[in-house]
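> Mind looking at a prediction? Sequence and model below.
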Amino acid sequence: MKLTIIALGHKMPGWVQTGFEEYSKRMPPEARIELIELKPEDRASRAVSKVLELEAVRIATAVPKQAERIVLDERGPPLSTAKLAEWMRSWMAEGVSPCFIIGSADGLAPEVKQSAQKMLSLSGCTLPHGMVRVMLAEQLYRAWSLMHNHPYHRE
């Protein structure tokens, strides 16, 4: 199973790259994480709706074929580590490769959200996009460790 993360945003601070790489490298080969960074649209003199529409086209192109789309949005239902581990078990058993989508500063176009099979929230707070990358990678690793009774996750 490949876990793909599509994130709008580039030139992240060093701590984001370091944090993301730390959890990504902990994942086993059968559950590797691939990050696809997309440059956000130029917001100068454009309406937000047009920016989101243009970003939606780039997202649609970047999503791997047959991937289950999962949108991260603070208005989505909260996700527990145990629920994520349950999803991972199911994905592995069914041969599904999920694709997590993190929007830009203005979020995601409605059509991106509507095309998703799942929507989730890592927090009820609005978080910096770089932090979401790190938190998502950590939660994927934690869910994997929970599935395999690894001591990283404690209840």
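Okay, I see it. Numbering: from 1, shown residues only.
> how about the host helix or strand of L35: buried residues?
Element membership for L35, per DSSP states H and E: strand 32-38. For strand 32-38, a neighbour-count test (16 or more other CB atoms under 10 Å) marks I33, L35, E37, L38 as buried. C-beta coordinates here come from the backbone N, C-alpha and C atoms, glycine included.
> Which elements pack onto the lengthiest helix in the chain?
Ordering each helix of the chain by length in residues (DSSP state H) puts helix 129-147 first. Applying 3 or more CB pairs under 8 Å, 6 or more residues apart in numbering; DSSP states H and E, one finds that helix 129-147 contacts strand 2-8, helix 14-26, strand 32-38, helix 81-94, strand 98-102.
> Select, out of those, the one closest to V63.
strand 98-102 (5.2 Å; CB to CB).
> between that closest one and strand 32-38, how many degrees?
Relative orientation of strand 98-102 and strand 32-38, computed by axes from the mean of the first three to the mean of the last three CA atoms, to 10 degrees: 40 degrees.
> Name the nearest residue to V71, ignoring sequence neighbours.
A116 (4.1 Å; CB to CB, 6 or more residues apart in numbering).
> how many other residues sit next to that neighbour?
By other CB atoms under 10 Å, the residues close to A116 number 21.
> I'm done for today, thanks for sticking with me.
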